[in-house]
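Novice: I would like to see how this sequence folds:
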Amino acid sequence: MMTKFNFYVISALLLNSAVSAEIKVVDPWVRASTGPNAALFMKIENTNSQPAKLIKGEISGCARTELHTHAHEEGQMKMKQVDFIEVPSNGQKVLKPGEDHIMLMKLHQPLQEGDKVNVTLLFENEE
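Specialist: The predicted structure is shown next:
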């Protein structure tokens, strides 16, 4: 079951750059959790002429987050932790099931339909 959740706060911060990136987050959502983990999805738009790297998500209500992708290994699709997710210059990156996403690890309590979480996204610019 895929359920959308409302977010109180979505903040995009640019690290290690004197120039502020133009980052917009569109339609963020989380699947309802049945265990200790869940996944966060969204579309990230970058109107800057330089690529941006999503390097971290800080989310209330869980012990830690990890950036993940899916990779084909030994005949199976497996989740794999990555150091960053790149958002191309003047482009977008869609975080979606079966591809790149943010894992919410060790939730303090299960997420149910209608729950709200605070999210801060940390970016590093490619300048």
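
Novice: find the residue at the geometric middle of the chain.
Specialist: Ile102 (4.0 Å; Cα atoms, centre = their mean).

Novice: how close does it sit to Ile23?
Specialist: Separation of Ile102 from Ile23 (Cβ to Cβ, to the nearest Å) stands at 15 Å. C-betas here are computed from N, CA, C, even on glycine.

Novice: what do you get for His70?
Specialist: Between His70 and Ile23 the distance is 24 Å, computed by Cβ to Cβ.

Novice: of the two, which one has the most company?
Specialist: Set His70 next to Ile23 and count neighbours by other Cβ atoms under 10 Å: Ile23 wins out with 21 against 14.

Novice: so who does that one touch?
Specialist: 12, 14, 44-46, 48, 52, 87, 121, 123 (Cβ atoms under 8 Å, 6 or more residues apart in numbering).

Novice: among the residues you listed, who's most crowded?
Specialist: Ala52 (28 neighbours).

Novice: can you check the distance spanned by stretch 39-59, start to finish?
Specialist: Start and end residues of stretch 39-59 are separated by 11 Å (Cα to Cα, to the nearest Å).

Novice: now for the helix or strand harbouring Leu122, which elements pack on it?
Specialist: Element membership for Leu122, per DSSP states H and E: strand 116-125. Using 3 or more Cβ pairs under 8 Å, 6 or more residues apart in numbering; DSSP states H and E, the elements in contact with strand 116-125 are strand 6-15, strand 23-30, strand 52-59.

Novice: what strands line up against that strand, and which way round?
Specialist: In the sheet, strand 116-125 lines up against strand 6-15 (parallel), strand 52-59 (antiparallel) (DSSP bridges).

Novice: what's the least confident stretch among these?
Specialist: Comparing those by mean pLDDT, the weakest confidence falls on strand 6-15, with a mean of 43.

Novice: count of neighbours near Glu66?
Specialist: Residues lying near Glu66 (other Cβ under 10 Å) number 16.

Novice: ok, now the one 10 residues further on?
Specialist: Other residues within reach of Gln76, judged by other Cβ under 10 Å, total 7.

Novice: any idea how far His70 is from it?
Specialist: To His70, Gln76 is 10 Å away according to Cβ to Cβ.
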